[in-house]
Each structure stands twice: as structure tokens, then as C-alpha cells.
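[1] 3D model of this:
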Amino acid sequence: MWLRRTKTRSRVHNAPTLKFACSSFKDVHSLLYDGGGGGDSPSSPSIYHRNRSAKELIRSLSNPADREIRIRGAEKSVVLYFTSLRVIRRTFDDCSAVRSILRAFRVPIDERDLSMDSGFMDELQRILGESEKSKLTLPRVFTGGRYLGGAEEVRRLHESGELKKYLEGLPPADPGTCEACGGYSFVLCQECNGSHKCYRGKAGIGSCTSCNENGLVRCPSCSPAPL
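    Residues are numbered from 1 along each chain as shown. Next up is the predicted model:
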């Protein structure tokens, strides 16, 4: 006796449906964040946060405790400590950005390039009271003889429009370029002709005491007297 074939219904498992959650532009932007995609905020702060940060910076600059960091004899100019070397890309970019911002205001700027004279490093270290040179980051800006801050502080004040107020009392800059140094603020030492070596009689050849390690001296026509 033959068994009757019965049709068995095979249960078809439904394939899992893909659900697509429509992400907002804010979520997409957070995925592109350089911090690894886990951050909730984009790399650049909003205008509100920038203005709030600038106001906090202004309040900190108004603190009497911050007025102790000053440069005597620089009340009528901006003093900028920076480097023109490209060894560290981020430091070079920060220095270039701050120089461009300050030059746009057409005010006198005493640019002190640490790559041209290592004595500026010791000078800045003495002014800020830092015991270790490794803690000194560049650039550093002083306006009217008073310490303003570094690249982040200058950017915040510039974006909020407050930087202009700190530079209003300064005289206008000379529009021309110094003919003696060509705008580099340094000239060759006349004592050693830039070799940093001098003949000292019986003592033989020694280091020149009139110039820096590069055989340069500050331009007497456009550079202020050293501190």
C-alpha cells in the first residue's frame, strides 16, 4: 500500500528588513570629526561657543593677576615671539596665521624670530617665568607691553572682534620696508662680517661677542633696543 504524498509547507523565514535611520546633518558631520568619530561636536566650535570663549578670555585678561606679565618699553607696539622654521608644521602654521592677523591691523609689530636668534628664547623664558624651555609654545603675543596669549587666544579675540580694541591705542605702522635689512630685522655683524669668528691676538680665533650664533645683529634702523 502506497503512502499518500502530502505536501509539506516549508516555512520561509522572512529575511531581516534593513532599517535606515535618517541621520541629521549634525550626525553626518560628527562622523567626519577627526577625533575618531565618537565625538558629539564638530571640530570647529559654533559661533556661540567661540563668543563665549572669547568673553571668558577677556575676563581672564582683565584679572589683575595677569597684568604682572609685561614687557617694559613696548607700550606702543605689538611684540610677537615666533619661529620661521618648518620643523613642526603645526607651530609654523600657528605662527604664520597670527602674523597675518596682526599685520592686517597695520600696527607696529616687533617680530622676534627665535630661529634667527636663540637669545629670544631665553628672553621669553625670563618674561613668562618658565623654568623649562620645552614648555614654551609659539607664538606668543604682547600688545602694548602686556601679555595677550598664544595662537588660540589671538584667534578667539579676532573672531569676536575684541582684538581690534586691544590694538586701537597703538600708532600706525610705517608702510615702507626698511632699506637696511629689507624687513628681516637683522643685518650682518660688522665686526666679523657674519662669520661669528674674530681674531683675538695671542688667544687665536674666538667667537664674536657682538653678534648672535648666526653672525647677525638686530637692525639699528628698524628694531628697538634689546630688553
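[2] strands of the chain, start to end?
    Under the criterion DSSP state E, strands of the chain are mapped to 78-82, 109-113, 140-143, 146-149, 186-188, 197-199, 205-207, 216-218.
[3] redo those as JSON lines? Include mean pLDDT.
    JSON lines is the format used below for these (pLDDT from 0 to 100):
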{"stretch": "strand 78-82", "mean pLDDT": "96"}
{"stretch": "strand 109-113", "mean pLDDT": "94"}
{"stretch": "strand 140-143", "mean pLDDT": "96"}
{"stretch": "strand 146-149", "mean pLDDT": "94"}
{"stretch": "strand 186-188", "mean pLDDT": "94"}
{"stretch": "strand 197-199", "mean pLDDT": "90"}
{"stretch": "strand 205-207", "mean pLDDT": "91"}
{"stretch": "strand 216-218", "mean pLDDT": "94"}
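[4] now these in a markdown table, with mean neighbour count?
    Just so you know, the C-beta spots here come from the backbone N, C-alpha and C atoms, and that holds for glycine as well. Formatted as a markdown table, the strands of the chain follow (neighbours: other Cβ atoms under 10 Å):
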| stretch | mean neighbour count |
| --- | --- |
| strand 78-82 | 23 |
| strand 109-113 | 19 |
| strand 140-143 | 24 |
| strand 146-149 | 20 |
| strand 186-188 | 18 |
| strand 197-199 | 13 |
| strand 205-207 | 11 |
| strand 216-218 | 20 |
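[5] and of those strands, who's closest to I69?
    With Cβ to Cβ as the measure, strand 146-149 is the member of those nearest I69 (3.8 Å).
[6] now tabulate the strands of the chain in JSON lines and tack on distance to K165.
    Listed next are the strands of the chain as JSON lines, based on distance: least, Cβ to Cβ, whole Å:
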{"stretch": "strand 78-82", "distance to K165": "14"}
{"stretch": "strand 109-113", "distance to K165": "17"}
{"stretch": "strand 140-143", "distance to K165": "10"}
{"stretch": "strand 146-149", "distance to K165": "12"}
{"stretch": "strand 186-188", "distance to K165": "32"}
{"stretch": "strand 197-199", "distance to K165": "49"}
{"stretch": "strand 205-207", "distance to K165": "46"}
{"stretch": "strand 216-218", "distance to K165": "30"}
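[7] L157 is nearest to which of the ones you listed?
    Comparing these under Cβ to Cβ, the one sitting nearest is strand 146-149, at 7.6 Å.
[8] so which of the strands of the chain gets nearest M121?
    Comparison of those against M121 by Cβ to Cβ identifies strand 78-82 as nearest, at 8.6 Å.
[9] can you dump the C-alpha atoms of the closest one in CSV for me?
    C-alpha atoms of strand 78-82 as CSV (Å, rounded to 0.1, in the frame of the first residue of the first chain):
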residue,chain,number,x,y,z
VAL,A,78,53.0,94.6,19.4
VAL,A,79,55.7,92.1,20.3
LEU,A,80,55.5,88.8,18.6
TYR,A,81,57.7,85.8,19.5
PHE,A,82,57.5,83.2,16.7
